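Participant: fold the following for me, if possible:
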Amino acid sequence: MTLLFLVPVGRSAAGSQSVEEKTVLDHLRDYIQQALSGQWQYSCTENILRIENKHEVVLTKRSSGENARRWDLRKSTKKSATYEYRLRLKGRKITEKRLAPSADNELLYEAKDTGTIFPYQNQNIVANPMEYLSRLTRGGTEYQVKGREILDKVEAWAVRFSSKINVSGRESVLSGKLWVHPETGAVLRMSLEPGSWSFFELDNIPKEYAEIPSLGHPSLRRSLSWTADFEAGNGGIRYPSHIEIREEYLSPGGEQLEANSWTISYGQFQFVSGVSSRAADPLSPLLMKASAYCDRLKSIALQYICDEHIVRTTYLYDVKKYVKGQEFGATGLPQKRWVLKRKTTREILYDYQLLKKNEQLVEKRAALTVDGKKWSKSENPPNILPYQAQYIVYGPVGFLSAYWQTRFDYFEQDSENMNGRSAVVFISQPNSFREENSVYGKLWVEDKTGAVLRIDWDPESIDFFRSDETPAAFGGLDKQLIWSAYFEVEKNGIFFPSRQEIREEYVGPKGETVIADVWTITYENYKFFTVGTDVEIKK
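Facilitator: Residues are numbered from 1 along each chain as shown. All right, here's what the predicted structure looks like:
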């Protein structure tokens, strides 16, 4: 079940506002904008306690002789778990990861089988509080200041919010309450109203709360409450420190039964410094130049050939175990170390041709040499590059054309020197969830022309590549793909690919990186036959 949040940036509910209330909402919007854009990353401990109450249905008779039922508590069970928890913001995208000790305590690994401890994990009921705050910035949110309240001996403004959402094609409303610092606008607490989960209340009611047709008793209604507290963190931003979730069942007669409760607490925060970035102005002259450059790139007729040289280097390891005195949350646990045993290299040289005329694109490759030897066979050579990007010359278009600029948010970093050319670095993020063109990353855009000189795809946006299982040697590590493309060959104001660098690596819980494969693709000896304006600009 996926939550899709709709409409424009939050607005205050209809009605008159005092100057003070308007100031509070301005501070709140500014704070959320600051906290949920740019880059930050931290790790901490996450402790989860789940209390599960099982009830037994007891059939009774009222004094009137009518059949009735009541629920007696039969069993109360506690479950707990501790994880190393990591949260990261890049642009507007928030990602979280949980790491837990493996069964033999060899290594921390990504905790994916958490269904017994997390409530309704497969239905996105427990989302990170920072993610909820982020969604409030994306629109359809109405705010209403309700007054001042004392929260843990601190005076705060209580602000109610209501936001339209779409859940699996059904419209719903996410509503709740924020407690806001009167001076900074920082969110101190966030509470979601039970009504926010109306799409879920009637699904999968457990047997003890189900309807009893023979007695004419309806099923109870599930009600879910959710509250998160935020504590001061890094750079003036407050991060989640405590979450309380309660699952209750309510009868029309006012009976209230608590089935489950979860307490999630966070501590031992460690912050990682990120590169400073700021939201880019959508009307930035440089973004407009980049749009014009991409639209020109789309419109021209192209025909060229070049040498495409692919080199693959594979690294092979021996896995060693060792014991270190102090590890995260434990002492003397065995750990792994990867010792390079040997590396192998393969290479293929292709004659590469690209032809574009009107709306037709043709890309052809013919093998010239394989591992340094002439290839004269009729069949294709062995495939040493499992990752392939078609029409790489048009890579900038999917990020910065006029059409796609309305579908991305951009965050600007400082300028860098790219082979004597000054380029501004932008981070791109999709501004809505979509299947089409969902990749994102960093772009180096030349100051003077708006030409794209380099693209780095974010590893998390291309994790759909090669979804095969992790090799046994890298068990417990997370696979990621590092992919960069450079555009350094210029012809008539258009920049063509000069090289690609692709690296498949495995990352451990402490950030240790083990490189598995590296591919370098270079493009040389260009021969241009056509680089000229030809067709009408389209999407």
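
Participant: where exactly do the helices run in the stretch 301-450 of the chain?
Facilitator: 397-400, 402-405 (DSSP state H, counting those that start in this stretch).

Participant: low-scoring stretches of the stretch 301-450 of the chain, by residue?
Facilitator: 322-335, 432-437 (pLDDT under 70).

Participant: tell me where the stretch 101-250 of the chain has helices.
Facilitator: Using DSSP H, counting those that start in this stretch, helices in the stretch 101-250 of the chain cover 129-136.

Participant: quick one: the strands in it, in order.
Facilitator: 108-110, 141-151, 154-167, 170-180, 187-192, 221-232, 238-250 (DSSP state E, counting those that start in this stretch).

Participant: so which of those comes closest to Q41?
Facilitator: strand 238-250 (11.1 Å; Cβ to Cβ). In short, each C-beta sits where N, CA and C put it, glycine included.

Participant: which helices and strands sit right next to that closest one?
Facilitator: helix 129-136, strand 221-232, strand 256-272 (3 or more Cβ pairs under 8 Å, 6 or more residues apart in numbering; DSSP states H and E).

Participant: which helices and strands does the longest one pack with?
Facilitator: Read that as strand 256-272. Checking 3+ Cβ pairs under 8 Å, 6+ apart, strand 256-272 ends up next to strand 39-61, strand 238-250.

Participant: pick the most deeply packed of these.
Facilitator: Ranked by mean neighbour count, these are led by strand 238-250 with a mean of 19 (mean count of other Cβ atoms under 10 Å).

Participant: now the angle between strand 39-61 and that strand, please.
Facilitator: Relative orientation of strand 238-250 versus strand 39-61 (axes from the mean of the first three to the mean of the last three Cα atoms, to 10 degrees): 10 degrees.

Participant: what's the average pLDDT for strand 238-250?
Facilitator: Across strand 238-250, the average pLDDT comes to 91.

Participant: export it to CSV, keeping only CA atoms.
Facilitator: Output in CSV follows, covering the C-alpha atoms of strand 238-250 (Å, rounded to 0.1, in the frame of the first residue of the first chain):
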residue,chain,number,x,y,z
ARG,A,238,15.2,18.4,15.3
TYR,A,239,15.1,14.7,14.6
PRO,A,240,12.7,11.9,15.9
SER,A,241,13.6,10.7,19.4
HIS,A,242,10.5,8.8,20.4
ILE,A,243,7.4,7.3,18.7
GLU,A,244,4.3,5.9,20.4
ILE,A,245,1.8,3.8,18.4
ARG,A,246,-1.4,2.3,19.8
GLU,A,247,-3.8,-0.1,18.1
GLU,A,248,-7.2,-0.1,19.7
TYR,A,249,-10.6,-1.6,18.9
LEU,A,250,-13.8,0.4,19.5
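
Participant: tell me the strands beside it, with direction?
Facilitator: strand 221-232 (antiparallel), strand 256-272 (antiparallel) (DSSP bridges).

Participant: report the buried residues of the last one.
Facilitator: It refers to strand 256-272. The neighbour-count check on strand 256-272 (16 or more other Cβ atoms under 10 Å) flags L257, A259, N260, S261, W262, I264, S265, Y266, F269 as buried.

Participant: please apply the same query to the first one.
Facilitator: Across strand 221-232, burial judged by 16+ other Cβ under 10 Å covers R221, R222, S223, L224, S225, W226, T227, A228, D229, F230.

Participant: among those, which one sits closest to F411?
Facilitator: F230 (22.9 Å).

Participant: show me what contacts the closest one?
Facilitator: Going by Cβ atoms under 8 Å, 6 or more residues apart in numbering, F230 touches P129, A186, V187, L188, R189, M190, R238, Y239, P240, S241.

Participant: find the residue closest to the last one in space, skipping its chain neighbours.
Facilitator: So the one you mean is S241. E231 (4.0 Å; Cβ to Cβ, 6 or more residues apart in numbering).

Participant: pretty sure that neighbour is touching G267, no?
Facilitator: No: the pair E231 / G267 is not scored as a contact, 9.5 Å apart, by Cβ atoms under 8 Å.

Participant: and for these two, which residues touch both?
Facilitator: By Cβ under 8 Å, 6+ apart, the residues touching both E231 and G267 are S241.

Participant: tell me how many other residues crowd the closest residue in space to L443 that isn't next to it in sequence.
Facilitator: Of all residues not flanking L443 in the chain, F426 sits nearest, at 4.7 Å (Cβ to Cβ, 6+ apart). The tally of other residues near F426 (other Cβ atoms under 10 Å) stands at 25.

Participant: do you know how far F426 is from G441?
Facilitator: Applying Cβ to Cβ, to the nearest Å, the value for F426 to G441 is 10 Å.

Participant: quick one: the strands in the stretch 351-500 of the chain?
Facilitator: Using DSSP E, counting those that start in this stretch, strands in the stretch 351-500 of the chain cover 360-370, 373-374, 408-418, 421-430, 441-446, 452-457, 478-491, 494-507.

Participant: got TSV for those strands, with distance to Y249 too?
Facilitator: Shown next, in TSV, are the strands of the stretch 351-500 of the chain (distance: least, Cβ to Cβ, whole Å):
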stretch	distance to Y249
strand 360-370	59
strand 373-374	73
strand 408-418	41
strand 421-430	39
strand 441-446	46
strand 452-457	47
strand 478-491	39
strand 494-507	43
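
Participant: where does H242 sit relative to G493, distance-wise?
Facilitator: 56 Å.

Participant: just confirm K22 is within a helix.
Facilitator: Yes: secondary structure of K22 (DSSP: H, G, I helix; E, B strand; the rest coil): part of a helix.

Participant: and the pLDDT for it?
Facilitator: So K22 comes in at 90 (pLDDT).

Participant: returning to what we had before: mind checking which of the strands paired with strand 238-250 is nearest K54?
Facilitator: For the strands paired with strand 238-250, the distance to K54 is smallest for strand 256-272, at 8.2 Å, taking Cβ to Cβ.

Participant: need the next SSE after that closest one, C-terminal direction.
Facilitator: strand 278-279 (DSSP states H and E).

Participant: what's the distance between the nearest residue to K320 once chain neighbours are set aside and Y315?
Facilitator: Among residues not flanking K320 along the chain, R337 sits closest, at 4.6 Å (Cβ to Cβ, 6+ apart). Distance of R337 to Y315, given as Cβ to Cβ: 14 Å.
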